[in-house]
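Peer 1: I'd like to go over a predicted model; first the sequence, then the structure.
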Amino acid sequence: MWANSCHSRSGATIAGGMLIGCTRRAAADFSFIMAVPVMIIVCVYDLLRVIHLLNLNDIIMFAIGTLVSYIVGYITVKVFLWYLNRSSLSSFGYYRIIVAILAIIYLYL
């Protein structure tokens with residue numbers, strides 16, 4: 001659920017920023033910066049809900065998972081911003097429209 005809402009949020013903030021005249025880079029930077037506090041709050045909330053169920057091995061695994069996620073996320077954001085500076089997001093728009101049409105056909109026909 002969170003992954004889908006994050007994609008919608010980032011797409012909406014990037015598109016909205018570009019509609020009001022921001023550069024793609026500025027809109028993307030804002031979108032990623034805006035996501036950080038939300039993700040931290042969600043992670044802390046989820047952790048506090050289940051902390052009583054965890055043991056030391058679980059906490060070590062969470063720490064490793066957090067570190068790996070941070071590294072992969074950092075690299076992904078860097079690559080995305082590099083791509084964004086060199087091309088438009090129209091290919092992503094067309095991709096999402098095609099996937100939506102295929103999903104509607106698959107689910108309703």
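Peer 2: Nice, thanks for sending it over. What you see is a predicted model, and the numbers here were worked out from it, not measured in a lab.

Peer 1: Met34 against Thr13, yeah?
Peer 2: Yes - in this structure, Met34 is within contact of Thr13 by Cβ atoms under 8 Å, at 6.3 Å. For every residue, glycine as well, the C-beta is placed using N, CA and C.

Peer 1: and the two? which has more neighbours close in?
Peer 2: Set side by side, Met34 and Thr13 show more neighbours around Thr13, with 19 against 12, by other Cβ atoms under 10 Å.

Peer 1: Next one: that one from Ile40, what distance?
Peer 2: Distance of Thr13 to Ile40, given as Cβ to Cβ, to the nearest Å: 17 Å.

Peer 1: repeat for Leu84
Peer 2: Distance from Leu84 to Ile40, by Cβ to Cβ: 24 Å.

Peer 1: Asn57 too?
Peer 2: According to Cβ to Cβ, Asn57 and Ile40 sit 24 Å apart.

Peer 1: same check, this time on Leu107
Peer 2: As judged by Cβ to Cβ, Leu107 and Ile40 stand 35 Å apart.

Peer 1: Going along the chain, name the helices of this structure.
Peer 2: 2-19, 24-50, 56-86, 90-108 (DSSP state H).

Peer 1: Identify each buried residue in the longest one, please.
Peer 2: When neighbours are counted by 16 or more other Cβ atoms under 10 Å, the buried residues of helix 56-86 are found to be Leu84.

Peer 1: Report all helices and strands that that helix contacts.
Peer 2: helix 24-50 (3 or more Cβ pairs under 8 Å, 6 or more residues apart in numbering; DSSP states H and E).

Peer 1: elements contacting the helix it packs on?
Peer 2: helix 2-19, helix 56-86.

Peer 1: what inclination does that helix have with respect to helix 56-86?
Peer 2: Computed by axes from the mean of the first three to the mean of the last three Cα atoms, to 10 degrees, the angle separating helix 24-50 from helix 56-86 equals 170 degrees.

Peer 1: before we move on, the earlier item: could I get the helices of the chain as a markdown table with mean pLDDT?
Peer 2: Shown next, in a markdown table, are the helices of the chain (pLDDT from 0 to 100):
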| stretch | mean pLDDT |
| --- | --- |
| helix 2-19 | 69 |
| helix 24-50 | 86 |
| helix 56-86 | 87 |
| helix 90-108 | 88 |
